[in-house]
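Student: here is my input; please provide its structure:
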Amino acid sequence: MLSFQKSLVITLCGIMSQAVPAFADEADVFNLNATLYSMRDNNLFRLAPSANPQALGLDGRSDSVTMTSLGLNFNKLLGNQRVIANLTALDSRYQRNDYLNFLAINYDAKLLWTVGRRWTGELSLDQNEALNTFSDYTNYRQRNIRTTDNQRFSANYWFHTSWAAVAGVYRTSVANEQPFLAESDYSGTGYNVGVRYRPVSGNTLTARAATLDGTYNKRKFNTVSQYDNGFQQNVYGLDLDWRLTGKSQVKGRLDYLERQHEHFSSRDYSGVVGNLDYVYSYSGKGLLTLGYKHDLASFQQVTASYYELDEINLLAQWAATAQVTAGARLGYGWRSYKGEIITLPAGFVQREDKYTRLGFDLGYQPARWLQLKAGITFENRNVNYDTLDYKDRIGFVSATLQY
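Tutor: The predicted structure is shown next:
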């Protein structure tokens, strides 16, 4: 059965599709797109080189996947209020492992509202459905779709031309199709408050505090394995979006995060997290982005409660002509797992992951309504437990029609 939010967005897109003739004289109000995407993954289940697929009940390591999507997009200014809605139906078909086939309905819709000269804000909802990656989920013969839903309301009161008080409330939920204790289902409600500085240049700096009260769903409270039934997460931080020159810009956040559980403090964690991206437009046709990320994320097992993540990424984009574009991505990261709730045996060390990613893609747009793309991605994970190592290569081609 469709959720209320999903039904609402589908109904909204249906109404908009009936209204297309009325918008015929306005550019980019209502758009349709369809994409055919074909992918070859040579290690779909992220198996270690020493793993025997047949022993795990699998036909092999690789598979070919065909994805077909249909998207509806709406963007309309109604007086001082802007309405934006996107709905995508994505059908994924696996040639060898057809039990993984699924139809995802993803959407986001928002109202950017304004009242008078001092009040602005946003009302939004979104949903994303995707297959859990097999890099962490290892029940290979069970499809596991992960659904994330968010609803938000925010308000800004501009008590000065450059200063605003900000506040918001939000609700979030994550649901797995199959049990996945390391990244369990949860739902939560929260709020945030802060202050924003925005000079005439359009740059922004925001100081904020946020709290989220969460409840773990569809798992039993367990005092032995210390699986709790709830948590509270508090975040205090700064957001930055600042143009340094006409060619360079920095975007990022710096937070102090603390997560506390209702009954088992051994699952708690806290620390400084954040990310920073430096964007440089070295020409009218080229763009470079260098980013660094440090994070703490829940990952609950008996040998760990969370992991610490550090990641560096470099992205290059180039428009060779009006029709031809190219892109390259290079990433390196490492995870350190922490917060064990049992005493580790002698000689047993905590898990640590190191991974590298490299990708290239090429795009060609022979007409305004058609875009063709092809690319390849390489990924390598090296873990201090050899059974968790893997190498993966993905190649794809796609065609997108836009109306």
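
Student: which residues of the protein score low on pLDDT?
Tutor: 1-28 (pLDDT under 70).

Student: tell me which element the spatially most central residue of it is part of?
Tutor: Most central in the chain under Cα atoms, centre = their mean is Asn128, positioned 8.8 Å from the mean C-alpha point. Element membership of Asn128, judged by DSSP states H and E, is strand 119-131.

Student: tell me which residues in the next helix or strand after that strand are buried?
Tutor: Using DSSP H and E, the helix or strand that follows strand 119-131 in sequence is strand 145-157. Neighbour-count burial for strand 145-157, counted by 16 or more other Cβ atoms under 10 Å, picks out Ile145, Arg146, Thr147, Asp149, Asn150, Gln151, Arg152, Phe153, Ser154, Ala155, Asn156. Placement of C-beta: from N, CA and C, glycine included.

Student: pick out the most distant pair among those residues.
Tutor: Spanning the widest gap among the buried residues of strand 145-157 are Ile145 and Asn156, at 35.7 Å by Cβ to Cβ.

Student: export the strand holding Asn128 to PDB, keeping only CA atoms.
Tutor: Taking C-alpha atoms only, strand 119-131 is exported to PDB below (Å, rounded to 0.1, in the frame of the first residue of the first chain):
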ATOM      1  CA  TRP A 119       9.500  35.600   6.900                       C
ATOM      2  CA  THR A 120      10.900  32.900   4.600                       C
ATOM      3  CA  GLY A 121      11.100  29.100   4.900                       C
ATOM      4  CA  GLU A 122      10.500  25.700   3.400                       C
ATOM      5  CA  LEU A 123       8.000  22.900   3.700                       C
ATOM      6  CA  SER A 124       9.300  19.600   2.200                       C
ATOM      7  CA  LEU A 125       9.000  15.900   2.000                       C
ATOM      8  CA  ASP A 126      11.100  13.200   0.200                       C
ATOM      9  CA  GLN A 127      11.500   9.500  -0.200                       C
ATOM     10  CA  ASN A 128      14.300   7.300  -1.500                       C
ATOM     11  CA  GLU A 129      14.200   3.600  -2.100                       C
ATOM     12  CA  ALA A 130      17.400   1.700  -3.000                       C
ATOM     13  CA  LEU A 131      19.000  -1.700  -2.800                       C
END
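
Student: list the strands paired with that strand, with their directions.
Tutor: strand 102-115 (antiparallel), strand 145-157 (antiparallel) (DSSP bridges).

Student: picking that back up, make TSV from the buried residues of strand 145-157 and add distance to Glu379 to it.
Tutor: Below are the buried residues of strand 145-157 laid out as TSV (distance: Cβ to Cβ, whole Å):
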residue	distance to Glu379
Ile145	22
Arg146	19
Thr147	25
Asp149	28
Asn150	28
Gln151	33
Arg152	32
Phe153	38
Ser154	36
Ala155	42
Asn156	40
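
Student: quick one: the strands in the stretch 201-350 of the chain, in order.
Tutor: 204-216, 230-243, 248-261, 269-280, 286-298, 306-319, 324-338 (DSSP state E, counting those that start in this stretch).

Student: what about the first one, distance to the chain center?
Tutor: Translated: strand 204-216. With Cα atoms, centre = their mean, to the nearest Å as the basis, strand 204-216 stands 17 Å off its chain's centre.

Student: just the angle between it and strand 286-298, please?
Tutor: If you take axes from the mean of the first three to the mean of the last three Cα atoms, to 10 degrees, strand 204-216 sits at 40 degrees to strand 286-298.

Student: quick one: residues in contact with strand 204-216.
Tutor: With contacts defined as Cβ atoms under 8 Å, 6 or more residues apart in numbering, strand 204-216 is touched by 166, 172, 184-198, 227-242.

Student: quick one: strands adjacent to it?
Tutor: Applying DSSP bridges to the sheet, strand 204-216 is found paired with strand 186-197 (antiparallel), strand 230-243 (antiparallel).

Student: distance to Asn106 added to these, as CSV?
Tutor: Output for the strands paired with strand 204-216, formatted as CSV (distance: least, Cβ to Cβ, whole Å):
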stretch, distance to Asn106
strand 186-197, 19
strand 230-243, 25
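
Student: can you check which of those strands gets nearest to Ser124?
Tutor: Between these, strand 186-197 lies closest to Ser124; by Cβ to Cβ that is 14.1 Å.

Student: could you redo the strands of the stretch 201-350 of the chain as JSON lines and give each row distance to Tyr140 and mean neighbour count?
Tutor: Output for the strands of the stretch 201-350 of the chain, formatted as JSON lines (distance: least, Cβ to Cβ, whole Å; neighbours: other Cβ atoms under 10 Å):
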{"stretch": "strand 204-216", "distance to Tyr140": "25", "mean neighbour count": "17"}
{"stretch": "strand 230-243", "distance to Tyr140": "29", "mean neighbour count": "16"}
{"stretch": "strand 248-261", "distance to Tyr140": "30", "mean neighbour count": "17"}
{"stretch": "strand 269-280", "distance to Tyr140": "30", "mean neighbour count": "16"}
{"stretch": "strand 286-298", "distance to Tyr140": "23", "mean neighbour count": "16"}
{"stretch": "strand 306-319", "distance to Tyr140": "22", "mean neighbour count": "16"}
{"stretch": "strand 324-338", "distance to Tyr140": "22", "mean neighbour count": "16"}
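
Student: ok, which of those strands comes nearest Phe360?
Tutor: Closest of the strands of the stretch 201-350 of the chain to Phe360 is strand 324-338, at 5.3 Å (criterion: Cβ to Cβ).

Student: the closest one to strand 269-280, inter-axis angle?
Tutor: Going by the same axes, to 10 degrees, strand 324-338 makes 160 degrees with strand 269-280.

Student: show residues contacting strand 324-338.
Tutor: Here strand 324-338 makes contact (Cβ under 8 Å, 6+ apart) with 269, 299, 303-320, 350-365, 375, 377.
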